[in-house]
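# have a look; sequence and predicted model below, questions after that.
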Amino acid sequence: MSWTVFPFISLAIFAVVFAAAFAGSGALVDVLRRRQVLDHPNKRSSHVAPTPRGGGIAVVGVLLAVWAGIAFLAPGIFPHPLSVPFPAMVLVLFCALGLAVISWLDDLKGLTPLIRLILQFAAAIICLDALPAGPSGSVLVFQGLLPATADHVVAVLIWIWFLNLFNFMDGIDGITGVEAASVGGGVFVVALFASGAQDWALFGLSAAAAACGFLCWNWDPAKLFIGDVGSVPLGFLLGWLLLGLAAMGYWAPALILPLYYLADATLTLGLRLLRGEKVWQAHAEHFYQRAVQAGASHGDVCRLLGVANLGLVVLAAAAVSGFSPDAPMLCVTAAALIVAGLMARLKSLGAAP
């Protein structure tokens with residue numbers, strides 16, 4: 001088959017994944033409530049009533065099954081070589097499943113940060129070679145700017161930071177669903193402009209669809225939280241997609257798409273370090289959390305993020321469209337301005353009386 005069937009395949013995948021994630025998340029609401037798997041409010045919480053936690057079981061379960069299906073069936077659908085062979089995809093999905101299991105135990109009983117971090121590093125190191133090879137034929141995220149060993153070390157550190165910040169930023173209703181849908185949808189759009197990335201487009205699209213299905217239950221006021229069982233493996237898989245774009249030579253969209261999360265989490269952590277605070281402890285100091293504390297609704301903050309992310313998706317696509325040799329840097333600069341504007345807006349809401 002050729003690219004002529006791609007729109008129909010994409011629509012079918014989106015519909016099936018959305019429906020499965022929506023139905024699975026809805027079924028979990030009553031199950032988790034009956035089993036008392038609830039997130040109880042505390043002084044750092046942005047919710048006021050005990051809410052079922054563990055919607056990630058449905059999101060990640062659906063996503064793992066669909067990604068396995070895409071990797072297995074895609075060679076018979078598309079005429080061009082794929083970014084990642086099926087055995088490499090199985091390795092990534094196995095590690096994501098392992099992170100989901102460990103994170104579910106953490107949701108239920110609590111694990112020490114050191115255990116979680118060791119297992120996350122193990123998963124990232126194991127899956128590093130499952131990233132697609134770039135123009136040089138090697139897996140180099142930074143395209144030869146660093147020696148191979150340094151490239152791999154920095155890539156793992158970035159991956160670990162991303163999956164943890166994705167987890168840290170899950171602090172209000174709807175934000176994880178909006179961000180995952182934006183990054184996944186952005187990967188889909190960017191891959192349409194890239195060469196030899198048909199499977200990457202479908203991976204991104206299915207991630208966006210799963211996030212949208214869950215978002216129907218997590219939108220303000222949330223009936224279900226994703227939990228670490230969802231946010232950790234989802235951050236791992238989205239991080240893999242973004243690093244994969246960079247390894248294929250598309251570093252600009254890999255930086256642009258998650259830029260708000262990167263900026264908010266990194267700046268907040270840096271400020272807490274300067275104040276001598278324990279950065280591994282839970283807090284409510286992110287820009288979006290301060291806006292909610294000052295009276296903005298969860299929905300209003302997520303809408304602001306969604307609009308900003310839409311601009312980032314457009315810029316990410318423009319960065320690979322080839323309209324100018326300077327397009328990547330121009331688009332990154334414009335993306336930084338959008339994120340700075342969003343953070344300034346959230347800060348102004350947080351400073352409101």
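Thanks, I have the structure now.

# helices of the chain, start to end?
Counting by DSSP state H, the chain has helices at residues 6-34, 56-73, 86-108, 113-127, 148-168, 175-193, 198-218, 228-247, 251-256, 259-274, 287-293, 298-319, 327-350.

# between the ones you listed, which one is closest to Gly134.
Across the helices of the chain, Gly134 has its closest neighbour in helix 228-247 (5.0 Å, CB to CB). Where you see a C-beta, it was placed from the backbone N, CA and C, and this is true even at glycine.

# before we move on, back to that, as TSV, the helices of the chain with mean neighbour count would be great.
Shown next, in TSV, are those (neighbours: other CB atoms under 10 Å):
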stretch	mean neighbour count
helix 6-34	17
helix 56-73	22
helix 86-108	19
helix 113-127	17
helix 148-168	18
helix 175-193	25
helix 198-218	26
helix 228-247	27
helix 251-256	25
helix 259-274	17
helix 287-293	21
helix 298-319	20
helix 327-350	17
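
# need these in TSV (columns: mean pLDDT and distance to Pro41).
Below are these laid out as TSV (pLDDT from 0 to 100; distance: least, CB to CB, whole Å):
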stretch	mean pLDDT	distance to Pro41
helix 6-34	94	15
helix 56-73	94	20
helix 86-108	94	16
helix 113-127	95	23
helix 148-168	95	18
helix 175-193	95	17
helix 198-218	95	16
helix 228-247	96	17
helix 251-256	96	35
helix 259-274	91	21
helix 287-293	91	13
helix 298-319	96	14
helix 327-350	93	20
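
# TSV for these, including distance to Pro50?
As requested, those are arranged in TSV below (distance: least, CB to CB, whole Å):
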stretch	distance to Pro50
helix 6-34	9
helix 56-73	18
helix 86-108	14
helix 113-127	24
helix 148-168	21
helix 175-193	19
helix 198-218	15
helix 228-247	17
helix 251-256	38
helix 259-274	27
helix 287-293	19
helix 298-319	17
helix 327-350	26
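
# for Asp326, grab the count of nearby residues.
9 (other CB atoms under 10 Å).

# state the distance from it to Val332.
From Asp326 across to Val332, the span is 10 Å (CB to CB, to the nearest Å).

# ok, Val92 next?
In this view, Val92 and Val332 are 27 Å apart by CB to CB.

# now do Glu179
19 Å.

# next one: Val339
11 Å.

# and Arg34, by the same measure?
48 Å.

# swap in Gly26?
Remark: distance between Gly26 and Val332 (CB to CB) = 39 Å.

# next: Phe8.
Distance, Phe8 to Val332, using CB to CB: 34 Å.

# can you check Ala180 too?
From Ala180 to Val332 the distance is 22 Å (CB to CB).

# now do Leu255
6 Å.

# just give the nearest non-adjacent residue to Asn167, would you?
Ser231 (4.4 Å; CB to CB, 6 or more residues apart in numbering).

# likewise Ala27?
Nearest non-adjacent residue to Ala27 (CB to CB, 6+ apart): Ala58, at 7.4 Å.

# I'd say the one you found and Ala21 touch.
Yes: if you go by CB atoms under 8 Å, Ala58 and Ala21 touch, sitting 5.8 Å apart.

# intersection of neighbour lists for these two?
When contacts are counted by CB atoms under 8 Å, 6 or more residues apart in numbering, Ala58 and Ala21 are jointly contacted by Gly213, Phe214.

# so what's the residue nearest to Ala27 up against?
Shown in contact with Ala58 (CB under 8 Å, 6+ apart): Ala20, Ala21, Ala23, Gly24, Ser25, Ala27, Leu28, Gly213, Phe214.

# if I pick the second one, what's in contact with it?
Translated: Ala21. Residues near Ala21 by CB under 8 Å, 6+ apart: Ala58, Val59, Val62, Leu63, Ala209, Ala210, Ala211, Cys212, Gly213, Phe214.

# out of those residues, who's nearest Thr266?
The closest of those, once distances to Thr266 are taken by CB to CB, is Ala211, at 22.5 Å.

# pretty sure the closest one sits against Ala180.
Yes: between Ala211 and Ala180 there is a contact at 3.7 Å, judged by CB under 8 Å.

# okay, now the closest residue to Leu38 other than its chain neighbours: neighbour count?
Here the nearest residue to Leu38 in space, its sequence neighbours aside, is Pro50; by CB to CB, 6+ apart that works out to 4.2 Å. By other CB under 10 Å, the residues close to Pro50 number 12.

# now swap in Asp220 and tell me
Neighbours around Asp220, by other CB under 10 Å: 17.

# read off the pLDDT value for it.
Asp220 carries a pLDDT value of 92.

# contacting residues for it?
Listed by CB under 8 Å, 6+ apart, the contact set of Asp220 reads Ile172, Asp173, Gly174, Ser297, His298, Gly299, Cys302.

# any idea how far Tyr288 is from the fourth one?
This means Ser297. 12 Å.

# ok, now the first one?
Taken as CB to CB, the spacing of Ile172 relative to Tyr288 amounts to 6 Å.

# any common contacting residues for these two?
Val301.

# check what pLDDT the residue lying closest to Ser136 once chain neighbours are set aside gets.
Using CB to CB, 6+ apart and skipping the chain neighbours, the partner closest in space to Ser136 is Gly144 (6.5 Å). At Gly144, the pLDDT value in this model is 82.

# same deal with Gly249?
On pLDDT, Gly249 comes in at 89.

# what's around it, how many residues?
Gly249 has 17 neighbours, counted by other CB under 10 Å.

# per-residue confidence for Met1?
With respect to pLDDT, Met1 scores 44.

# same check on Val48?
At Val48, the pLDDT recorded in the model is 66.
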